[in-house]
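1. Model the following, please.
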Amino acid sequence: MFFMKQNIYDNDTFFNGYSKLRENDGSANDLFEKPALFSLLPSLENKTVLDLGCGYGEHCIHYVEEGAKRVVGVDISKKMLDVAETENSHPNITYLNIPMEDIGGIRESFDVVVSSLAFHYVKDFEALVADIYRLLNDKGVLAFSQENPLSTCFTTGNRWTKDDNGNKLFANISNYSVDGERESTWFVDNVKKYHRTFSSIINSLIDAGFRIDRLIEPYPSPEILKKHPEHEDLLHKPDFLLVKATKVSGKF
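-> Below is the predicted model:
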């Protein structure tokens, strides 16, 4: 079945807003998501790596620095890959300007597939997982982060209940059990994401033939909160879900 692939990152307004956000050293990505993602990776020495939704290519460079012999970075955004080619090029890195939904056409295999905050933009998660499984070598590792299902489920009302001073008391959850498309405003209107429950995510991986090795929902330590108190709301609701899984069966 054909699905239109969203390419919001080539929208000028979105791209500029996102770029400014990532320049913030105290961002949740840098403090929580990236360290958690890297902690899930096996040794990359002499490994082949596929990075799905590679963006600026910063992670691709990191994987080469960690010893990867070949890295393929995939992204639907031409704007993102222009930055990657300019700022993060390397003889061991190849960048492909394709949607991750089209990786079934790649004719090589990998030891590690990794993705940072991209899977929640994909409508057909089961098809993507099946493609990843086929592209991985035996005992290959998939490590990915995505928006936490407690965030992606949101559909209506206020995201937080606050006191009279504007302090967040607790998160509001709506339609958690209903998988499917959600629309939100983030720099621009009509940004499409796809909500899946924890069980939908994990069972899709298991059904494809993966073994689930580890889950992480990062939250701030007391030390981080002293420096970045703005992230205290992560104690109520984590922003991210990270998963490590291993290809263990011969299903495909």
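2. drop to CA atoms for contacts and neighbour counts, all remaining ones
-> OK.
3. So the closest residue in space to H90 that isn't next to it in sequence versus V71, what's the distance?
-> In space, H90 comes closest to I61 once its chain neighbours are excluded; the distance is 7.4 Å by C-alpha to C-alpha, 6 or more residues apart in numbering. From I61 over to V71 the distance is 9 Å, taken as C-alpha to C-alpha, to the nearest Å.
4. These two: who's more crowded?
-> It is V71, of I61 and V71, that has more neighbours when counted by other C-alpha atoms under 10 Å, with 25 against 19.
5. isn't that one right up against D51?
-> Yes. With contact defined as C-alpha atoms under 8 Å, V71 reaches D51; the gap is 7.3 Å.
6. hey, what's in contact with both of these two?
-> Contact criterion C-alpha atoms under 8 Å, 6 or more residues apart in numbering; residues shared by V71 and D51: C60.
7. if I pick S204, what's in contact with it?
-> Contacts here follow C-alpha under 8 Å, 6+ apart; on that basis S204 touches F125, E126, V129.
8. State whether it is indeed within a helix.
-> Yes. Judged by DSSP: H, G, I helix; E, B strand; the rest coil, S204 forms part of a helix.
9. By neighbour count, which of the contacts of S204 wins?
-> Comparing the contacts of S204 by number of neighbours (other C-alpha under 10 Å), V129 comes first, having 22 neighbours.
10. How about the secondary structure of that residue?
-> From three-state DSSP, the assignment for V129 is helix.
11. for D111, same thing?
-> Following three-state DSSP, the label given to D111 is strand.
12. All further residue positions should be reported with the first residue as 46.
-> All right, first residue 46 from here; so that's D156.
13. With adjacent residues omitted, what lies nearest to the spatially most central residue of the chain?
-> Among the residues of the chain, L162 comes closest to the average C-alpha position under C-alpha atoms, centre = their mean, at 2.0 Å. Counting by C-alpha to C-alpha, 6+ apart, Q191 is the residue found nearest to L162 once chain neighbours are left out, at 4.3 Å.
14. Likewise for F243?
-> Excluding its sequence neighbours, the residue lying closest to F243 (C-alpha to C-alpha, 6+ apart) is P194, at 6.6 Å.
15. Count the neighbours of the one you found for me.
-> Around P194 sit 23 other residues, with neighbours defined as other C-alpha under 10 Å.
16. List the contacts of it.
-> Going by C-alpha under 8 Å, 6+ apart, P194 touches Y221, H240, R241, T242, F243, L286.
17. low-scoring stretches of the protein, by residue?
-> Low-confidence segments of the chain (pLDDT under 70): 46-70, 230-235, 294-297.
18. quick one, helices of it?
-> Taking DSSP state H as the test, the helices found in the chain are 57-67, 73, 79-85, 103-110, 123-132, 170-180, 194-197, 243-253, 267-272.
19. could the contacts of S249 go into a markdown table alongside distance to L181?
-> Rendered in a markdown table, the data for the contacts of S249 read as follows (distance: C-alpha to C-alpha, whole Å):
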| residue | distance to L181 |
| --- | --- |
| F170 | 17 |
| E171 | 16 |
| V174 | 11 |
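20. so which of the contacts of P194 is the most crowded?
-> Neighbour counts for the contacts of P194 were taken using other C-alpha under 10 Å; the highest belongs to H240, with 28 neighbours.
21. beta partners for that residue?
-> As for beta bridges, H240 partners with G225 under DSSP bridges.
22. Provide the contact partners of stretch 114-132 at residue level.
-> Contacts of stretch 114-132 from elsewhere in the structure, counted by C-alpha under 8 Å, 6+ apart, are 52-55, 60, 90-103, 105, 108-109, 137-145.
23. Ok, stretch 198-211 next?
-> The contact list for stretch 198-211, computed with C-alpha under 8 Å, 6+ apart, reads 213-224, 227-228, 240-241.
24. What about those residues, which are in strands?
-> Of the contacts of stretch 198-211, the ones assigned to strands by DSSP state E are K213, L214, F215, A216, R227, E228, H240.
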